[in-house]
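*Asks:* how would this look folded up:
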Amino acid sequence: MSSIIIKGAHVVNEGKIQVQDIFIKNGRIEKIDTSINVNADKVIDGEGQYVLPGLIDDQVHFREPGLTYKANIFTESRAAVAGGTTSFMEMPNTVPNTLTQKLLQDKFDIAQDTSLANYSFFMGAANDNIEEVLKTNPRDVCGIKVFMGSSTGNMLVDDDKALENIFRNAPTLVATHCEDEATIRRNLAYYKDKYGDAVTIDMHPLIRSEEACYLSSSKAVDLAKKNNTRLHILHISTGKETQLFDNTTPLSEKRITAEACVHHLWFSDEDYRTKGNFIKWNPAVKTAQDRAQILEALLDGHIDVIATDHAPHTLEEKQQPYLQAPSGGALVQHALLALLDMVHAGKMTLEQLVQKTAHNTAICFQIEQRGFIREGYWADLVVVNMHKPYQVTKQNILSKCGWSPFEGHTFASTIEHTIVSGNLAYSEGKIIEVGSGHRLLFNR
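*Replies:* Down below sits the predicted model:
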């Protein structure tokens, strides 16, 4: 494993920005100081650049196994490191669904051989697999995923007894997708009765409505409070839901936490006119007011982390009519660039960005020795040129699906280098295809 020194960069870490050198050796940050004079295998001139902890994305769908015509762990981890995301946690609605410990281990084995980013995988919960859920090792698995709304295969947990059992007995963090299925079905039936097969994308946030989200999220919060569950609610999409969460307790002591996704911070229902199914997600992108309230909740501590819910589908699938087109999109390559544009626009600071994409995710999941720029920690770093524009084109999209909702957009910043567990995984527009990724471990 080679050594790397980053010279004279603006280091963004733990609420401060300081010009420092960083020396990396044997995968870890050996030294941080104002001036370090050592020989290293690789020297990165950081003058005028910014060094951030690599993003830790707690919600991605990399489609392997079973759906690899859309994506796989190798292709999407390439997109991740090109975008400054150094660690990911992947969801269990692959094919087959990750509902046994054997199937969970199969995914870890694939990632060990192919992932360029650090990785962990959620164990899936269903109405009937509590015995397998209970075998989950909190030390080396990020959490249990519960779909309290539509999902792939056998993963909708809609039995109250099963939910109670999971919330009462889960050996580690429970992450939930919260949309009330009965409400969605009722709304869908109403619009199909009114418009037949001509239901259009602008009705998506009316079908997958604020009410559907709030009913399910509030139910999850109630279950967690009743059972003292360590609950993490994913992709909050409404302003109303943000009031379910506490911003007075230190994050390390919270039993209930929440996540915002890049697309709910960037898009609104006004964008359906131009983006159509390419911004069709579950939960739906909703109003500009919801977007503003989610950002406010993120910055005041009601919402704790930012993720992507990266979930690619093929171009052909997304070009189908609204009712047939699947929900989800490719975001992991451009998430940091989008957030940096929000910094440029004055919507958040660099320090807040780092807090919500790295520090807090590490605290929330109790990740061992990652998420901060500290001596002795793993070197998961991204070097950013804040003032070098980057245009998203079909040619530079690395996700296997080959499209992005940001295609054609020019971001204000550029990712120059990404370092994963001490290895240079991406540099100046090129992927360095070595097995950089390590399995994440958790202090539990």
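*Asks:* For the stretch 251-400 of the chain, just list every one of the helices.
*Replies:* Ranges of helices in the stretch 251-400 of the chain, per DSSP state H, counting those that start in this stretch, are 262-266, 272-275, 288-300, 315-318, 335-344, 350-354, 360-365.
*Asks:* Make CSV out of the ones you listed and add mean pLDDT, mean neighbour count and distance to residue 382.
*Replies:* (Each C-beta comes from the backbone N, C-alpha and C, glycine too.) Formatted as CSV, the helices of the stretch 251-400 of the chain follow (pLDDT from 0 to 100; neighbours: other C-beta atoms under 10 Å; distance: least, C-beta to C-beta, whole Å):
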stretch, mean pLDDT, mean neighbour count, distance to residue 382
helix 262-266, 98, 23, 16
helix 272-275, 98, 14, 27
helix 288-300, 98, 18, 20
helix 315-318, 98, 14, 28
helix 335-344, 98, 21, 7
helix 350-354, 98, 19, 10
helix 360-365, 98, 24, 14
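*Asks:* closest to residue 175 out of the ones you listed?
*Replies:* helix 360-365 (9.5 Å; C-beta to C-beta).
*Asks:* and that closest one, what does it pack onto?
*Replies:* strand 55-60, strand 305-307 (3 or more C-beta pairs under 8 Å, 6 or more residues apart in numbering; DSSP states H and E).
*Asks:* Export these as a markdown table, with columns for mean neighbour count and distance to residue 99.
*Replies:* A markdown table is the format used below for those (neighbours: other C-beta atoms under 10 Å; distance: least, C-beta to C-beta, whole Å):
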| stretch | mean neighbour count | distance to residue 99 |
| --- | --- | --- |
| strand 55-60 | 28 | 18 |
| strand 305-307 | 27 | 23 |
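*Asks:* Mean pLDDT and distance to residue 370 for those strands - can I get that in JSON lines?
*Replies:* Below are the helices and strands packed on helix 360-365 laid out as JSON lines (pLDDT from 0 to 100; distance: least, C-beta to C-beta, whole Å):
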{"stretch": "strand 55-60", "mean pLDDT": "98", "distance to residue 370": "7"}
{"stretch": "strand 305-307", "mean pLDDT": "98", "distance to residue 370": "14"}
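*Asks:* can you tell which of those is closest to residue 330?
*Replies:* Of the helices and strands packed on helix 360-365, nearest to residue 330 by C-beta to C-beta is strand 55-60, at 10.1 Å.
*Asks:* Show residues contacting that closest one.
*Replies:* 76, 80, 83-91, 142, 175, 232, 234-235, 259, 261, 305, 307-311, 332, 335-336, 357-358, 361-362, 364-365, 367, 370-371, 380, 382 (C-beta atoms under 8 Å, 6 or more residues apart in numbering).
*Asks:* Among these, name the buried ones.
*Replies:* Burial by neighbour count, judged by 16 or more other C-beta atoms under 10 Å, picks out 76, 80, 83-91, 142, 175, 232, 234-235, 259, 261, 305, 307-311, 332, 335-336, 357-358, 361-362, 364-365, 367, 370-371, 380, 382 from those.
*Asks:* thinking again about what came up before, please dump the helices of the stretch 251-400 of the chain into TSV; it should also carry distance to residue 179 for every row.
*Replies:* Listed next are those as TSV, based on distance: least, C-beta to C-beta, whole Å:
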stretch	distance to residue 179
helix 262-266	13
helix 272-275	18
helix 288-300	14
helix 315-318	20
helix 335-344	22
helix 350-354	28
helix 360-365	22
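*Asks:* Among these, single out whichever gets nearest to residue 21.
*Replies:* helix 350-354 (18.7 Å).
*Asks:* For the closest one, which outside residues touch it?
*Replies:* Against helix 350-354 from outside (C-beta under 8 Å, 6+ apart): 12-13, 15-17, 50, 52-53, 299, 306, 339-340, 342-343.
*Asks:* Next: stretch 199-214.
*Replies:* Taking C-beta under 8 Å, 6+ apart as the rule, stretch 199-214 contacts 149, 178-180, 183-184, 187-188, 191-192, 195, 236-238, 240-241, 269, 272-273, 276-277, 280, 282-287, 290, 322-323.
*Asks:* For stretch 26-43, which residues meet the burial criterion?
*Replies:* Residues of stretch 26-43 classed as buried by neighbour count (16+ other C-beta under 10 Å): 27-30, 32, 36, 40.
*Asks:* Extract the C-alpha set from that stretch and format it as CSV.
*Replies:* The C-alpha trace of stretch 26-43 is given here as CSV (Å, rounded to 0.1, in the frame of the first residue of the first chain):
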residue,chain,number,x,y,z
ASN,A,26,-0.7,2.0,5.3
GLY,A,27,-4.3,3.1,4.6
ARG,A,28,-4.6,5.5,7.4
ILE,A,29,-4.0,9.2,8.2
GLU,A,30,-0.5,9.1,9.8
LYS,A,31,-0.1,12.9,10.4
ILE,A,32,-2.0,16.2,10.0
ASP,A,33,0.0,19.4,10.4
THR,A,34,0.6,22.8,9.0
SER,A,35,3.8,21.5,7.3
ILE,A,36,4.9,17.9,6.9
ASN,A,37,8.2,17.0,5.2
VAL,A,38,8.4,13.3,4.3
ASN,A,39,8.9,11.3,1.2
ALA,A,40,5.7,9.8,-0.2
ASP,A,41,4.9,7.7,-3.2
LYS,A,42,2.3,10.2,-4.4
VAL,A,43,2.2,14.0,-3.8
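*Asks:* Tell me who's in contact with residue 162.
*Replies:* 125-128, 130.
*Asks:* Please read the previous query as pertaining to residue 89.
*Replies:* 56-60, 119-122, 142-143, 365, 440.
*Asks:* one more time with 10 Å, if that's ok
*Replies:* Residues near residue 89 by C-beta atoms under 10 Å, 6 or more residues apart in numbering: 56-60, 118-122, 141-143, 145, 175, 307, 361, 365, 367, 440.
*Asks:* next one: residue 247
*Replies:* Contacts of residue 247 (C-beta under 10 Å, 6+ apart): 254, 297, 299-304.
*Asks:* thinking again about what came up before, could you export the helices and strands packed on helix 360-365 as CSV, including distance to residue 97?
*Replies:* Listed next are the helices and strands packed on helix 360-365 as CSV, based on distance: least, C-beta to C-beta, whole Å:
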stretch, distance to residue 97
strand 55-60, 16
strand 305-307, 21
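*Asks:* what about the strands in the stretch 301-444 of the chain?
*Replies:* Per DSSP state E, counting those that start in this stretch, the stretch 301-444 of the chain carries strands over the ranges 305-307, 381-385, 390-391, 410-411, 414-420, 423-427, 430-431.
*Asks:* Could I get the average pLDDT for the third one?
*Replies:* Translated: strand 390-391. On average, the pLDDT along strand 390-391 is 98.
*Asks:* sorry, back to before: of the contacts of stretch 199-214, buried ones?
*Replies:* 149, 178-180, 183-184, 187-188, 191, 236-238, 240-241, 269, 272, 276-277, 280, 282-286, 290, 322-323.
*Asks:* How far off centre is stretch 84-93?
*Replies:* Remark: stretch 84-93 is offset 6 Å from the chain centroid, using C-alpha atoms, centre = their mean, to the nearest Å.
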